[in-house]
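Undergrad: No sequence on hand, only this structure:
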Ligand SMILES: [Fe+2]
Ligand SMILES: [Fe+2]
């Protein structure tokens with residue numbers, strides 16, 4: 001069956017909505033660790049800055065979901081749980097792992113958003129412009145992460161691969177279900 005244009009846009013919005021919510025959950029997990037077991041005020045401030053952008057991104061897609069009557073992914077509760085777990089777990093491992101978590105996710109999202117931008121036509125100009133803007137925010141988050149010590153050296157490269165594979169699986173599921 002050929003995918004209609006409308007279906008494609010719906011998939012884009014459904015998955016982006018899930019992803020931006022997931023980003024908030026990851027940062028919430030990181031903040032949970034930083035408010036309990038780990039003390040790092042500077043890192044906390046950086047994360048609190050980034051979470052403001054993710055909320056802006058998530059709000060936009062939440063609104064589009066409602067406006068266009070798109071069903072959100074059924075997996076939201078699972079993504080919430082895994083997001084908080086990933087954020088908390090990575091931060092417990094230390095600042096390098098916490099920042100790698102951001103870098104890895106943003107690298108997947110960079111490609112994901114660029115793919116969507118390439119496919120969205122001028123009849124969805126607003127959506128396209130929003131995704132272009134959000135992608136720039138994500139690239140900025142990635143830069144912050146590397147500046148703050150994200151690394152793919154040694155064992156961290158394994159963590160990078162796990163996070164990227166997990167993110168891609170979540171993306172594929174959230175587009176469809
Ligand atoms: Fe975002
Ligand atoms: Fe981000």
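TA: Received the coordinates, thanks. Owing to the predicted nature of the structure, the values given are computational and were not obtained by experimental measurement. Ligands and ions are numbered 1, 2, ... in the order given.

Undergrad: Can you give the distance of stretch 68-78 from its chain's centre?
TA: Distance of stretch 68-78 from the chain centroid (C-alpha atoms, centre = their mean, to the nearest Å) equals 15 Å.

Undergrad: got the end-to-end distance for that stretch?
TA: This stretch, stretch 68-78, spans 24 Å end to end (C-alpha to C-alpha, to the nearest Å).

Undergrad: List the buried residues for that stretch?
TA: Applying a neighbour-count criterion of 16 or more other C-beta atoms under 10 Å, one finds 70, 72, 73 buried in stretch 68-78. Using the backbone N, CA and C atoms, a C-beta is placed for each residue, glycine as well.

Undergrad: Please report how far residue 100 lies from residue 62.
TA: Distance of residue 100 to residue 62, computed by C-beta to C-beta, to the nearest Å: 28 Å.

Undergrad: More neighbours: the two, which one.
TA: The neighbour count for residue 100 versus residue 62, taken as other C-beta atoms under 10 Å, is higher for residue 100 (26 against 16).

Undergrad: which residues touch the more buried one?
TA: By C-beta atoms under 8 Å, 6 or more residues apart in numbering, residue 100 lies in contact with 90, 145, 150, 151, 152, 156, 159, 160, 163.

Undergrad: can you do 10 Å?
TA: Taking C-beta atoms under 10 Å, 6 or more residues apart in numbering, we find residue 100 in contact with 90, 93-94, 145-146, 148-153, 156-157, 159-160, 163.
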